[in-house]
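Asks: Sequence and predicted structure are below.
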Amino acid sequence: MKPFDYVRAGSAQDAVRAGAEGRFLGGGTNLVDLMKLEIEKPDRLVDVSRLASDEIEDGVEGLRVGAGVSNSALAGHPLVRERYPLLSTALLSGATQQLRNKATVGGNFLQRTRCQYFYDVFRACNKRVPGSGCDALDGINRFHAILGASERCIAVHPSDMAVAMAALDATVETLKPDGSTRSIPARSLHRLPGDTPQFDHVLETGELITHVVLPASPPKRQFYRKVRDRSSYAFAVVSIAVAFDLEGGRIANVSIALGGVAHKPWRADRAESVLEGGSPSAELFAMAAEAELARAVGQGHNDFKIDLSKRLIVAALRDLSEGKREIAA
Ligand SMILES: Cc1cc2nc3c(=O)[nH]c(=O)nc-3n(C[C@H](O)[C@H](O)[C@H](O)COP(=O)(O)OP(=O)(O)OC[C@H]3O[C@@H](n4cnc5c(N)ncnc54)[C@H](O)[C@@H]3O)c2cc1C
Ligand code: SF4
């Protein structure tokens, strides 16, 4: 591993001042592995894991969560379990208890893809070395994207939490090195690969995630489901986060996000348009799933994900409308 300086930030302002020449360190559960492989080679690590590490505050705008809060603490918080059960389920479906105890909200958002060619420094990867090619295109691409991919990269974003945050319309708050702040909808934090797959997200160099804000009144019916190869210690093959209300027997405030299908948590806008205001029925759910997956493209080994995603959408909507899943307080 390349030698590096270690700095523990005392405040968010200190962190961005020190961060310009280095990388922020959350729980280190992804970044340190990448440093051992020399895929990431920062000169300096700025430890932000203790900043706002216990900050979960309820207010009129919603639940404001510090970026240093651990995945375990967030999943187990009474207000999260009560008001945002899909987020709690998504967090608990990720990694293992030990990893969730270390992993932070900020780091989980910005963890890097699990494409096996990205981690293998002897293989071509445009994300790791821009312009070098993409061995996944003709390789084993069972875990890769079916939506929004490009000829340069077909990787998927790995986070369960980020899919839940996208469906809940959470907002990410940041602090830039120049001292200014901004709020970014969680659904817009990550980007599609296009010609520049080396960029996973829209943050600037040295921009720190300080908080995430969950809306005060999310839809009542919520569900997160993850299809994976093992029931623990496995990333999603495909996952789904769904939330909606039933008002006078009609679907309202519906949001759906898919995981494991794209370079970012995929908000299913087309499915949502079909569903909003409709009466729950098997036909409506099938139409929504077809509308969303109409633009999906398989890469060979992952063609099955297209049908799997459709079936997940239909099953999640059916179970939620029949009240078989948790209803938020
Ligand atoms: C075996 C294994 C299985 C896993 N399974 C799953 C799974 O099923 N689902 C899932 O979602 N995840 C899974 N994970 C991923 C794990 O959840 C992530 O490694 C973890 O969430 C990353 O958080 P961290 O705080 O450790 O980030 P770090 O490793 O510290 O950092 C990750 C990135 O975020 C940046 N960063 C950290 N904090 C901030 C901040 N506040 N502002 C800006 N940038 C920041 C870092 O610079 C780095 O680039 C798994 C990991 C392992 C090792
Ligand atoms: S899919 Fe993306 S991350 Fe994977 S090898 Fe291709 S360029 Fe690299």
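Replies: Perfect, thanks for sending it. Note that this is a predicted model, so its numbers are computed, not measured. Ligands and ions are numbered 1, 2, ... in the order given.
Asks: distance of the most centrally placed residue in the chain from ligand 1?
Replies: Central residue of the chain (C-alpha atoms, centre = their mean): Ala162, 2.3 Å from the mean position. Applying C-beta to the nearest ligand atom, to the nearest Å, one obtains 7 Å for the distance of Ala162 from ligand 1. Placement of C-beta: from N, CA and C, glycine included.
Asks: do the same with His301
Replies: Distance, His301 to ligand 1, by C-beta to the nearest ligand atom: 20 Å.
Asks: That residue against Ile140, yeah?
Replies: Yes - counting by C-beta atoms under 8 Å, Ile140 is a contact partner of His301 at 6.0 Å.
Asks: rewinding a little: residues touching the residue nearest to the centre of the chain, list them.
Replies: By C-beta atoms under 8 Å, 6 or more residues apart in numbering, the contact set of Ala162 is Asn108, Phe109, Ala186, Leu189, His190, Gly259, Pro265.
Asks: Run through the residues that contact the last one.
Replies: It refers to Pro265. 157, 159, 162-163, 165-167, 186-187, 190, 257-259.
Asks: leaving aside the residues next to it on the chain, what's closest to it?
Replies: Excluding its sequence neighbours, the residue lying closest to Pro265 (C-beta to C-beta, 6 or more residues apart in numbering) is Ala166, at 3.9 Å.
Asks: what's the answer for Asn108, then?
Replies: Using C-beta to C-beta, 6+ apart and skipping the chain neighbours, the partner closest in space to Asn108 is Met161 (4.8 Å).
Asks: pretty sure that neighbour belongs to a helix, no?
Replies: Yes - if the criterion is DSSP: H, G, I helix; E, B strand; the rest coil, then Met161 is within a helix.
Asks: Tell me the predicted confidence for Gly323.
Replies: As predicted, Gly323 sits at a pLDDT of 81.
Asks: cool, and Ile327?
Replies: Looking at Ile327, its pLDDT stands at 62.
Asks: Quick one: residues contacting whichever residue of the stretch 51-200 of the chain sits closest to ligand 1.
Replies: Per C-beta to the nearest ligand atom, Gly107 is where the stretch 51-200 of the chain lies closest to ligand 1, at 2.1 Å. Contacts here follow C-beta under 8 Å, 6+ apart; on that basis Gly107 touches Gly26, Gly27, Gly28, Thr29, Asn30, Leu31.
Asks: give me every residue that touches Arg114.
Replies: Here Arg114 is in contact with Phe143, Val156, Pro158, Phe235 (criterion: C-beta under 8 Å, 6+ apart).
Asks: how close does it get to ligand 2?
Replies: Counting by C-beta to the nearest ligand atom, the gap from Arg114 to ligand 2 is 9 Å.
Asks: you'd agree that residue is in a helix?
Replies: No - judged by three-state DSSP, Arg114 forms no part of a helix; its state is coil.
Asks: May I have the beta-bridge partners of Gly259?
Replies: Ser239 (DSSP bridges).
Asks: what sits against it?
Replies: So Gly259 contacts 156-157, 159-160, 162-163, 226, 236, 238-241, 265-266 (C-beta under 8 Å, 6+ apart).
Asks: at 10 Å instead, please
Replies: 90, 93, 156-164, 166-167, 224-227, 235-241, 265-266 (C-beta atoms under 10 Å, 6 or more residues apart in numbering).
Asks: got it, and Val261?
Replies: Counted by C-beta under 10 Å, 6+ apart, Val261 has contacts 144-149, 156-157, 163, 236-240, 268, 292-293, 296, 302, 305-306, 308-309, 312.
Asks: ditto for Lys226
Replies: 89-90, 92-94, 160, 163, 234-241, 259-260, 312 are the contacts of Lys226 under C-beta under 10 Å, 6+ apart.
Asks: ok, back up a step: so which of the contacts of Gly107 belong to helices?
Replies: Of those, the ones assigned to helices by DSSP state H are Leu31.
Asks: Make a ChimeraX selection of the buried ones in the contacts of Gly107.
Replies: The buried residues among the contacts of Gly107 can be selected in ChimeraX (16 or more other C-beta atoms under 10 Å) with this line:
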select :26,27,28,29,30,31
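Asks: Spell out which parts of this structure neighbour ligand 2.
Replies: By the rule C-beta under 6 Å from any ligand atom, the part of the chain lying against ligand 2 is 113, 115, 117-118, 125-127, 134-136, 153-155, 197.
Asks: Counting only strands, which of those make the cut?
Replies: Applying DSSP state E to the residues of the chain next to ligand 2, no entry is found in strands.
Asks: ok, those vs Lys220, which is closest?
Replies: Thr113 (33.4 Å; C-beta to C-beta).
Asks: Near that closest one, how many residues? Count them for me, please.
Replies: Residues near Thr113, counting by other C-beta atoms under 10 Å, number 25.
Asks: Please consider this matter closed, and thank you.
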